[in-house]
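Peer 1: return atomic coordinates for the entry below.
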Amino acid sequence: MKIIIVGGVAGGASAAARLRRLDENAEIIMFEKGPYISYANCGLPYYISETIAERDNLLLQTPESFNDRFNVDVRVLSEVVDIDRDEKTVHIIERDASGKTIREYSEKYDKMILSPGSKPMRPPIPGIDRDNIHTLWTVPDVDKIKAYLDESDASHAIVIGGGFIGLEMAENLVERNMQVTLIEAASQVMTPLDFEMAQIAHRHLHEEGVDVHLGSMVKSFEAGDNPVKTVVVTADGARMEADVIMLAIGVQPQTGLAESAGLELNDRGGIIVDQNLKTSDPDIFAVGDAVEIRDFMTGAQTMIPLAGPANKQGRMVAANVLGGSESYNGTQGTSIVRIFDITAASTGQNEKTLIAAGKDCGKDYLFTMTHTKSHASYYPGAFPLDMKMIFEPSTRKVLGAQIVGWEGVDKRIDVLATVIRMGGTIDDLIELELAYAPSYSSAKDPVNMAGYVAENMLEGLVENINWSDLADFSNSILLDVRDYDENDLGAIPGSILVPLYELRSRLDELDKDKSYIIYCATGVRAYVAARMMTQNGFKNVKNLAGGFSTWQPAMWNKREACGVV
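Peer 2: Okay, the predicted model is just below:
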């Protein structure tokens, strides 16, 4: 059997390697239009700051090493420009490093795997083709950017886009001692996070010196007073000048070849495949960023460009090309990013997507807000771990989770992602027996704690109110049960202070017929207070979910807009 693979990197290279492991006799040819077949795409921003010091460390396999190990005919700088599905041939243009055509030829195939990947979006904004406006996606991209920064006296960069690449670029440019401005068209960075979780990142970016502009749409790029500088003009009339501009506003599938071959595409240009990753042509399969896949959580068709799923698809498709029937059951979007000293991660559904799907908080879903420590608080070096966990009250199933913190974020999000994948519930979170020692966790791990809080909510032991519903509490008394010194450092305007250790003896000072919203630092003491008051005849008592530790970052830089001042 002769198998042609179009595209290397994650999906194509994974498919080629497993094909050889499964069939020593197959003829395998892998075409890559660029000069590299397997490189650490996700590591590119860290080479710019020289956190990854050696460029060669980005190159995972060369054509020679790949062929030596797997006996795969790897042809770089070779672009497949046409597929004749009737004749089962592909037409290839081979070029040299300068882009000059060396030769054109055709190859026959029995089966084909398309792994064309995606490319950065460059919308038709006036001036977007200026020389100092860059995108980062490939090794040649990073070479060009790093050479420009190394050889110039550039001191100010503007990053456009607050997704994974934009945030990583902001961090690594700051590491180069540059002044960095980040412009994001949406109201927050990191769309997988809900707003209150993203606000933690916003505050941290500000603390690290990044000038963040949210809800700011770029209108045009213009020449600056100095011809090597570029001015970014936004729709609200702001003008910001910088030495270098990094575009990180999203990616789009590279599916021109599939379209010209007449393969079925979706309305976003993604290649439609079945559960076995087979396209509308039974002899052509497709994997990676360019394919439409099933959302594991909702069952809807979507496109999620992540390296993990691409690698899994590449491994799976190799078996199916050889006659297997392995099914790809969907992507749940588990992701993680470092933002200077903190880490932000998410998995499954967030509240934004649930609301967009017409779901109601309280009826269709509930969520917990917990603020624990990365390990036992009495052991040195414990850091805050802020977690939002979303679950379905009718089935008790975990629907999604988001975590922001300084340490231990990765292992908690992986536990939650596994529970979600296995159809787990909040009861499973409670029952999980996780590794504990004071330097690694607490006897009740943060994951267990999220389960306990959810259980309390479902059993009616406490009624929560969310930070976003606190804009008008005129009909309730806002009760702070923290200590005096905590209150001195900051409190929600309009609240009254009765520390928890005084509350029992001062209950007669409070009117049992009135409504109360109780808060503490994280929600734990407020829960104790709520139980105390409820069992002493108070009829309407609610706990502010996550307490002051949720409200304060959520309201960071937005207090007046939220009507709380």
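Peer 1: now the strands for the stretch 301-450 of the chain?
Peer 2: For the stretch 301-450 of the chain, applying DSSP state E, counting those that start in this stretch gives strands covering 301-302, 335-339, 342-348, 366-373, 384-391, 398-405.
Peer 1: hey, what's the angle from the second one to strand 398-405? Just curious.
Peer 2: Counting by axes from the mean of the first three to the mean of the last three CA atoms, to 10 degrees, strand 335-339 lies at 10 degrees to strand 398-405.
Peer 1: any residues touching the helix or strand that contains residue 13, and which ones?
Peer 2: Under the criterion of DSSP states H and E, residue 13 resides in helix 9-22. Residues outside helix 9-22 that contact it (CB atoms under 8 Å, 6 or more residues apart in numbering): 3, 5-6, 8, 26, 28, 30, 32, 36-39, 41, 61, 66, 69-72, 113, 115, 117, 287-288, 307, 310-311, 313-315, 317-319, 321-322. The C-beta positions use only the backbone N, C-alpha and C, and glycine is treated the same way.
Peer 1: centre of the chain to the helix or strand following it, how far?
Peer 2: Per DSSP H and E, the first helix or strand lying C-terminal to helix 9-22 is strand 27-32. How far strand 27-32 lies from its chain's middle: 32 Å, per CA atoms, centre = their mean, to the nearest Å.
Peer 1: what is strand 27-32 packed up against?
Peer 2: With contacts defined as 3 or more CB pairs under 8 Å, 6 or more residues apart in numbering; DSSP states H and E, the packing partners of strand 27-32 are strand 2-6, helix 9-22, strand 73-76, strand 78-84.
Peer 1: which positions in the first one come out as buried?
Peer 2: Burial within strand 2-6, assessed by neighbour count using 16 or more other CB atoms under 10 Å, is assigned to 3-6.
Peer 1: export those as TSV, with columns for pLDDT and distance to residue 383.
Peer 2: Listed next are the buried residues of strand 2-6 as TSV, based on pLDDT from 0 to 100; distance: CB to CB, whole Å:
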residue	pLDDT	distance to residue 383
3	98	49
4	98	50
5	97	44
6	97	45
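Peer 1: in a helix, residue 127, correct?
Peer 2: No. Looking at residue 127 with DSSP: H, G, I helix; E, B strand; the rest coil, it is coil, so not inside a helix.
Peer 1: pLDDT value on it, please?
Peer 2: Per-residue pLDDT puts residue 127 at 95.
Peer 1: could you do residue 565 as well?
Peer 2: pLDDT at residue 565 comes out at 32.
Peer 1: with residue 38 instead?
Peer 2: Note on residue 38: pLDDT of 85.
Peer 1: tell me what it is bridged to.
Peer 2: Counting by DSSP bridges, residue 38 forms beta bridges with residue 61.
Peer 1: thought residue 90 was touching residue 112?
Peer 2: Yes. Here residue 90 reaches residue 112: they are 7.4 Å apart, a contact under CB atoms under 8 Å.
Peer 1: so where's the stretch 301-450 of the chain uncertain?
Peer 2: Judged against pLDDT under 70, the stretch 301-450 of the chain has no low-scoring part.
Peer 1: can you select the buried ones from the contacts of helix 9-22 in PyMOL?
Peer 2: Buried residues among the contacts of helix 9-22 (16+ other CB under 10 Å), as a PyMOL selection:
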select buried, resi 3+5+6+8+26+28+30+32+36+37+38+39+41+61+66+70+72+113+115+117+287+288+307+310+311+313+314+315+317+318+319+321
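Peer 1: can you give me the helices for the stretch 101-250 of the chain?
Peer 2: Ranges of helices in the stretch 101-250 of the chain, per DSSP state H, counting those that start in this stretch, are 139-151, 164-175, 195-207.
Peer 1: what sits up against the last one?
Peer 2: Helix 195-207 is contacted by residues 167, 170, 182, 187-190, 193, 212, 214, 339-342, 344, 352, 369, 386, 388, 402, 404, 467-468, 550, 553-558 when judged by CB under 8 Å, 6+ apart.
Peer 1: please apply the same query to the first one.
Peer 2: The contact list for helix 139-151, computed with CB under 8 Å, 6+ apart, reads 34-36, 39, 44, 47-48, 55, 58-59, 132, 134-136, 154, 176, 244, 246.
Peer 1: please repeat the previous calculation with a cut-off of 7 Å.
Peer 2: Here helix 139-151 makes contact (CB atoms under 7 Å, 6 or more residues apart in numbering) with 36, 39, 44, 47-48, 58, 134-136, 176, 244.
Peer 1: return the set of buried residues in it.
Peer 2: 139, 142, 145-146, 149.
Peer 1: now that helix against helix 164-175, angle please.
Peer 2: Interaxial angle, helix 139-151 versus helix 164-175 (the same axes, to 10 degrees): 20 degrees.
Peer 1: ok, residue 185 - contacts?
Peer 2: Residue 185 neighbours (CB under 7 Å, 6+ apart): 216-217.
Peer 1: if we can go back for a sec, Throw the contacts of helix 139-151 into a markdown table and include distance to residue 332, thanks.
Peer 2: Below are the contacts of helix 139-151 laid out as a markdown table (distance: CB to CB, whole Å):
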| residue | distance to residue 332 |
| --- | --- |
| 36 | 30 |
| 39 | 26 |
| 44 | 25 |
| 47 | 30 |
| 48 | 30 |
| 58 | 28 |
| 134 | 32 |
| 135 | 28 |
| 136 | 26 |
| 176 | 35 |
| 244 | 36 |
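Peer 1: and which of those residues is nearest residue 529?
Peer 2: For the contacts of helix 139-151, the residue nearest residue 529 by CB to CB is residue 176; the value is 49.1 Å.
Peer 1: thinking again about what came up before, what do residue 90 and residue 112 both touch?
Peer 2: By CB under 7 Å, 6+ apart, the residues touching both residue 90 and residue 112 are residue 4.
Peer 1: what is the neighbour count of residue 85?
Peer 2: 15 (other CB atoms under 10 Å).
Peer 1: what's the answer for residue 500, then?
Peer 2: The number of residues packed around residue 500, counting by other CB under 10 Å, is 18.
Peer 1: for residue 536, which non-adjacent residue is closest in space?
Peer 2: Spatial nearest neighbour of residue 536, excluding adjacent residues (CB to CB, 6 or more residues apart in numbering): residue 507 at 5.7 Å.
Peer 1: one step back: now distance to residue 432 too, for the helices and strands packed on strand 27-32, in JSON lines please.
Peer 2: Converted to JSON lines, the helices and strands packed on strand 27-32 look like this (distance: least, CB to CB, whole Å):
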{"stretch": "strand 2-6", "distance to residue 432": "40"}
{"stretch": "helix 9-22", "distance to residue 432": "31"}
{"stretch": "strand 73-76", "distance to residue 432": "44"}
{"stretch": "strand 78-84", "distance to residue 432": "48"}
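Peer 1: which among these is found nearest to residue 499?
Peer 2: helix 9-22 (54.5 Å).
Peer 1: isn't residue 429 up against residue 452?
Peer 2: No. Here residue 429 does not reach residue 452: they are 8.2 Å apart, not a contact under CB atoms under 7 Å.
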